[in-house]
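In: Please find the sequence and the predicted model below.
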Amino acid sequence: MANYRFGVLKGDDIGLEIVPVAVQVIKTAVEKYSDITIDWVELPIGYPSYLSTGETLPEETLRTLYSLDGWILGPIGHMAYPKNDPKAINPHPILRRDFDLVSNIRPAKSYPTVPSIHQNVDIVIVRENNEGFQPDRNMHKGKGEFMPTPDMAMSVRVITKRNSEMVSRVAMDLARQRNGKKKVTAVHKNTVFKLGCGLFVDTCRGVSKAYPDITFDTAVVDTFAMQMVMNPQKFDVVVTTNMFGDILSDEAAGIVGGLGMAPGLCVGPDYVMAQATHGSAPDISGKNIANPYAMVMSAQMMLSWVGNKKNDASAIKAAENVQTGIEKVLNENVFVTPDLGGTASTEEMGKAICEAIQSI
Ligand code: ATP
């Protein structure tokens, strides 16, 4: 009987409402369908942490994360943090970089009852997480952005073979694992970024040679963005660089019902962090109306990831039942939040998911 230690970092704004729902859903599935036990370790982060400890990412939180099997990170509303206090930092780029969480897995799946632009969509975008144009994490020291004169700004894009290899392996393994089209599309702009995107695509192609059962193809990012809007059903797993992935995963979320439907998982060789694609949504915070789907499914992906890594059929089964339960609630379309056309509160939707899991 395995025991896991998972961190709970609620984050800001709607994080305080949706993270407890995610924990409750995982607890329900684990208690009913597995023989594993979980220690939940609550850790301070974000603005509530700033108010109680003076820091948005306390050293103690960072240290503890190294001892865990994984953690759930709620959305971070760093734009509202005090601007001139070095202790009020945005924690998520630091977590992604320090824990080498190179791959960000972002699924977009349609459901018949969820208002969406297309049906029968089941795409996973695997985005490189720590380099590209993101200036807050793509340098060893300093930032990848600077202003030589007041009228000129320059941003440096970093692409490495190491991270390109890691992210494409994650994409290939996912395509193999999924019950999908067994296809990986590498999205790039090597027509312009001949060196950066060239290195990325060549590396993906090289990795694909070890996966003869997976169809590998490539797409130029602008054409891909158009095709995903017109015909998203033709894609399965997509692998791409940081900023393209950031933009395309929001586009994919928009196709299947919005940001509340966009879960995410950040993975590296040793650590895993469940983090929904959406932000902290201050506009709906405190109203108990945030859609918990993305956060619940992010936690579900974490459980499944850890289960697969440890070859733990019991954890995998619990994760599968979270998916079955949540699909049941979406398909019945009664206890869903306003963004999905319903009138349920965050808590009510969470309760309905737990009951659906109990009744499988
Ligand atoms: P960030 O840049 O931090 O990712 P953002 O600018 O993309 O944040 P969000 O905080 O994600 O912005 O919010 C964008 C819109 O989506 C808002 O109108 C918000 O209310 C809505 N939204 C985000 N998450 C959810 C959710 N879980 N349920 C319902 N609506 C949501």
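Out: Yep, that arrived. Just so we're clear, the structure is a prediction, and the values are computed from it rather than from any experiment.
In: Which residues of the stretch 101-250 of the chain lie near the ligand?
Out: Within the stretch 101-250 of the chain, no position is adjacent to the ligand by C-beta under 6 Å from any ligand atom. To be clear about C-beta, it is placed using only N, CA and C from the backbone, and glycine gets the same treatment.
In: phi, psi of the closest residue to the ligand within the stretch 201-350 of the chain?
Out: The stretch 201-350 of the chain approaches the ligand most closely through Gly279 (2.2 Å), counting by C-beta to the nearest ligand atom. Note on Gly279: its backbone torsions stand at phi -90, psi -160 [degrees, to the nearest 10].
In: can you tell me the helix or strand for Ala276?
Out: In this structure, Ala276 is located outside every helix and strand according to DSSP states H and E.
In: Is there a neighbour count for it? I'd like the number.
Out: 33 (other C-beta atoms under 10 Å).
In: Pull the number of nearby residues for the residue nearest to it when sequence neighbours are not counted.
Out: Leaving out its chain neighbours, the residue that sits closest to Ala276 by C-beta to C-beta, 6 or more residues apart in numbering is Ala294, at 3.8 Å. By other C-beta under 10 Å, the residues close to Ala294 number 27.
In: What are the buried residues along the one helix or strand Ala294 maps to?
Out: Using DSSP H and E, Ala294 sits within helix 293-309. Neighbour-count burial for helix 293-309, counted by 16 or more other C-beta atoms under 10 Å, picks out 293-307.
In: out of those, who's near the ligand?
Out: Ala294.
In: isn't the residue of the stretch 201-350 of the chain closest to the ligand right up against Pro75?
Out: Yes - applying C-beta atoms under 8 Å as the test, Gly279 and Pro75 come out as touching, 5.2 Å apart.
In: Which neighbouring elements make contact with the helix holding Ala294?
Out: helix 15-33, strand 70-73, strand 103-109, strand 265-267, strand 272-274, helix 313-332, helix 346-358 (3 or more C-beta pairs under 8 Å, 6 or more residues apart in numbering; DSSP states H and E).
In: Make CSV out of those and add mean pLDDT and mean neighbour count.
Out: Shown next, in CSV, are the helices and strands packed on helix 293-309 (pLDDT from 0 to 100; neighbours: other C-beta atoms under 10 Å):
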stretch, mean pLDDT, mean neighbour count
helix 15-33, 98, 22
strand 70-73, 98, 26
strand 103-109, 98, 26
strand 265-267, 98, 27
strand 272-274, 98, 27
helix 313-332, 97, 20
helix 346-358, 98, 20
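In: Present these as a markdown table; the columns should include distance to Ser168.
Out: Formatted as a markdown table, the helices and strands packed on helix 293-309 follow (distance: least, C-beta to C-beta, whole Å):
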| stretch | distance to Ser168 |
| --- | --- |
| helix 15-33 | 29 |
| strand 70-73 | 22 |
| strand 103-109 | 9 |
| strand 265-267 | 13 |
| strand 272-274 | 18 |
| helix 313-332 | 24 |
| helix 346-358 | 33 |
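In: Not counting its own residues, what contacts stretch 218-232?
Out: Contacts to stretch 218-232, defined as C-beta atoms under 8 Å, 6 or more residues apart in numbering, come from residues 108, 117-118, 121, 123, 185-191, 201, 204-205, 234-235, 238, 240, 244, 247-248, 251-252, 255.
In: Can you flag the buried ones in those residues?
Out: Here, 16+ other C-beta under 10 Å leaves 108, 121, 123, 185-190, 201, 204, 235, 238, 240, 244, 248, 252, 255 buried among the contacts of stretch 218-232.
In: Would you mind giving the domain segments of the protein?
Out: Listed by automatic domain parsing, the domain ranges of the chain are 1-99+270-360, 110-258.
In: Would you reformat these as TSV and include distance to Gly264?
Out: Below are the domains of the chain laid out as TSV (distance: least, C-beta to C-beta, whole Å):
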stretch	distance to Gly264
domain 1-99+270-360	5
domain 110-258	8
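In: Now the helix holding Ala294: average pLDDT?
Out: With pLDDT averaged residue by residue, helix 293-309 scores 97.
In: Just the C-alphas of that helix, formatted as PDB.
Out: This file holds the C-alpha atoms of helix 293-309, laid out as PDB (Å, rounded to 0.1, in the frame of the first residue of the first chain):
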ATOM      1  CA  TYR A 293     -13.100  21.600 -13.700                       C
ATOM      2  CA  ALA A 294      -9.600  22.900 -14.700                       C
ATOM      3  CA  MET A 295      -8.200  22.600 -11.200                       C
ATOM      4  CA  VAL A 296      -9.800  19.200 -10.500                       C
ATOM      5  CA  MET A 297      -8.600  17.800 -13.800                       C
ATOM      6  CA  SER A 298      -5.100  19.200 -13.100                       C
ATOM      7  CA  ALA A 299      -5.000  17.400  -9.800                       C
ATOM      8  CA  GLN A 300      -6.400  14.300 -11.600                       C
ATOM      9  CA  MET A 301      -3.500  14.500 -14.100                       C
ATOM     10  CA  MET A 302      -1.000  14.700 -11.200                       C
ATOM     11  CA  LEU A 303      -2.400  11.600  -9.500                       C
ATOM     12  CA  SER A 304      -2.300   9.700 -12.800                       C
ATOM     13  CA  TRP A 305       1.200  10.900 -13.600                       C
ATOM     14  CA  VAL A 306       2.500   9.800 -10.200                       C
ATOM     15  CA  GLY A 307       0.600   6.500 -10.500                       C
ATOM     16  CA  ASN A 308       2.200   5.800 -13.900                       C
ATOM     17  CA  LYS A 309       5.600   6.800 -12.800                       C
END
